[in-house]
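Novice: what would the 3D arrangement of this be:
(2 chains)
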Amino acid sequence: MKGAEPTPVDETDEPQNGIADSDSAASPRADLHDAIGWIILGVAVAVASLQMDRLQDRHINPFTIPGLVPGLLGAGMVVMGIILGLRSWMRGGHRQAIVRATANQRERRKRALLSVILCCGYSVVLIGHGLPFWVASSIYVTCSILVFNRISADPVKRRLSLLAVAKALLIGVLSSVVVWLVFERIFLVRLP
Amino acid sequence: MLQGLQDLGAAYLSFMSPMTLLYGLGGAFMGMVMGILPGLSATLAIALLTTMTMSLDGNVAILVLICSYVGALYGGSRTAILLNIPGTAANAASCADGYALAQQGQAGRAIGIATSGAVTSTLLGVLFLATLTPLLSNVALKFGAFEFFWLALFGVTLSGSIVGGDPLKGWLMGLVGLLLAQVGEESLYAYQRFTFGWESLAGGIALIPALVGAFGLAEVLMALSDPIERKIHDLTDSVLPRWRDLFQYRWTVLRSGLIGVFTGLLPGVGEDAGAWVSYAAAKAVSKEKEKFGKGSIDGLMAAETGDMSSVPGHLVPVLALGVPGSAPSAVLMAAMIIHGVQPGPMLMVEHPQFVYHVVAMTTLASFAILLFGLFGVRPMLQVLKVPRNILMPIVFLLCTVGAFAVASRLFDIYAMVAVGIGAYFLRRRGYEMAPLVLGLVLGPLLDKSLRRGLVLSDGSLEPFFTRPISMVLAAITIFMFLLYVPIFRAAVGRVWKAIAHGARGALGKSDI
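Specialist: Here you go, the predicted model:
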């Protein structure tokens, strides 16, 4: 049973522990942009809270007006947004030049956009508009597999042969039918 | 005391039917599979299973959820060892030593250590769950609106401070969670806040769809957008638990188990804190410090026992205070409410048997993971070999079902998608989701407690700072914020150094 040679597994130049290179997560410039966004959101929340009905006609205690907590949260967001902005300013965020996206980042963005389109297409367009759940799900799973195979770095996966399409369709239908059976028939859960 | 033991015995007996045990094993299995898949967390496992088990009897459903909770954290260690990616956030501390052992051809041994540590520490945690919950419930009966306000704020602040590397971003996410919780009809006057005339928003943003979005869809997007697919290490040696290792590192197990339980008691801290604090403590007292991070058995044992024993620890504040300690326990609390049990100080008065049922469920969960640890490791790892192009669309399918099934509303699916896409972009910019979850769960409590407190005090803020428990919670919360101010932090550092220096001096003198 005892040990064999370890297999080399890391062909990536990315940081380990699951932390992939984010879109400049720690970059002061990105933080400066975030800070502006937080301040705008905080001000919008605070203004909306001030405009909330104070229910004076119902003679409620003025300390229990519905806008109290949202207003405080909006104010808190503005304060923290200002602190984030000042911090990134002090770290030189306003002077930092826009860095051109690497090939890896561009690829990541393309894949993310495709994933979002597929997910929204399924959950907003296909689901809940009369199409049976298992049919809508089969279409989504099959399309997702084919699209991501098509943009794969592996040339073998990229080729959309008849066999590859049939395999994707089989996985799509099978997984959708199994989910439908398990949830709706066995656990009596209503599906969209 | 005798009544308590009698209730506990009855609770154990109530689960001794083959069908119930099978449900428990099923829950642990589902949790382990979710935990093994990188990024899919215990939170998602519990959220999806909540919808699946809605038609079951309440106790059986909660058993399934607790088993999946324990199973997910246990399963996550496999990915940490074989892929150097934590299956769940709680397994991050296991990566360094677990993966180093795998590189040395000892992946099976590392998994065996994780199994023995996980089972022992969960059982240790169960002891504390049974004894501390009634004690804390008694204290919690003295809590009023002022104390609950601070407890809610303390939970969100602590979560923001600890989770991730940037407290400021953590607090901002906490604020977003608290804000999302304000959407819909508020509890005092049924006034609709931030609904913009949209009727679907009147009920607020439901917790489970939001969590499925934040932890499920966001992770699907993370996985599918990554251009590189990782491969796992081959598993060549035996994965059976090494009880000899357990005996050799018994003090590590005991210390880490206690640390895990006590970090679990703090609201908002999360399971990963139990693992990291245990790991740091083991390193501090170890005679082989240099081995840490390079395949230390001591380090792996500490990390695995610390995170697993925090599960029963997290259940204590959920049951006694109605305040969850982590994102998975927040969903578990929501599931308890769905099944007609309202956790909080009155639980021990109204349904004392339920607490003992939870104790029995957690015990069964630890035996379930032992069973899978002995016989199910290799088959389960096959799931890691499924290409993500196939796996992730199926996971999203489950997310859609999970979001819809709680209330059968299409709006919940749209909310899940919106939260998921937002969470993906926020995570890419360094914002963590756990404080948002805590904010979402604790938002209504904070809102209600602040306004009720102000009515009771006729608008005076004094009782928020002068009642004994409030004073302590307020002081800790304000202290956490002040730690972010560099001058204050430097002053605290100096005081801390002086105390440590003084203690060392005193010890030195006493040695002489």
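Novice: where in chain A is pLDDT low?
Specialist: A:1-26 (pLDDT under 70).
Novice: any idea how it splits into domains?
Specialist: Annotated domains of chain A cover A:28-90, A:103-186 [automatic domain parsing].
Novice: ok, the residue in chain B that chain A sits nearest to to B:Glu290 distance?
Specialist: In chain B, the residue that lies nearest chain A is B:Gly105 (3.1 Å; CB to the nearest CB). Just so you know, the C-beta spots here come from the backbone N, C-alpha and C atoms, and that holds for glycine as well. Remark: distance between B:Gly105 and B:Glu290 (CB to CB, to the nearest Å) = 21 Å.
Novice: settle it for me: which of the two has more neighbours?
Specialist: Neighbour comparison, B:Gly105 and B:Glu290: the larger count goes to B:Gly105, with 18 against 9 (by other CB atoms under 10 Å in any protein chain shown).
Novice: show me what from the stretch 101-250 of chain B comes close to chain A.
Specialist: With the criterion set to CB under 8 Å from any CB of the partner chain, the stretch 101-250 of chain B comes near chain A through B:102-106, B:108, B:168-169, B:171-172, B:175, B:178-179, B:182, B:186, B:188-189, B:191, B:193-194, B:217, B:220-222, B:224-228, B:230-234, B:236-238.
Novice: quick one: which of those residues sit in strands?
Specialist: Counting by DSSP state E, these place B:Arg193 in strands.
Novice: list buried residues within the residues of the stretch 101-250 of chain B next to chain A.
Specialist: Neighbour-count burial (16 or more other CB atoms under 10 Å in any protein chain shown) is assigned, among those, to B:102-103, B:105-106, B:108, B:168-169, B:171-172, B:175, B:178-179, B:182, B:186, B:188, B:191, B:193-194, B:217, B:220-222, B:224-227, B:230, B:232-233, B:236-237.
Novice: is the nearest residue to B:Gly87 once chain neighbours are set aside within a helix or a strand, and which one?
Specialist: Once flanking residues are discounted, B:Gly87 sits nearest to B:Gly76: 2.8 Å by CB to CB, 6 or more residues apart in numbering or on different chains. Assigned by DSSP states H and E, B:Gly76 belongs to helix B:58-83.
Novice: report the mean confidence score over that helix.
Specialist: On average, the pLDDT along helix B:58-83 is 90.
Novice: didn't B:Gln106 look like it was pressed against B:Ser238?
Specialist: No: counting by CB atoms under 8 Å, B:Gln106 does not reach B:Ser238; the two are 10.1 Å apart.
Novice: all strands for chain B, in order.
Specialist: With DSSP E as the criterion, chain B has strands spanning B:184-185, B:192-193.
Novice: any idea which residue sits dead centre in chain A?
Specialist: By CA atoms, centre = their mean, chain A has its centre lying nearest to A:Val116, at 7.7 Å.
Novice: any low-confidence regions in the stretch 201-350 of chain B?
Specialist: For the stretch 201-350 of chain B, applying pLDDT under 70 flags the ranges B:230-236.
Novice: just give the nearest non-adjacent residue to the residue nearest to the centre of chain A, would you?
Specialist: Per CB to CB, 6+ apart, closest to A:Val116 is B:Ile421, 6.0 Å.
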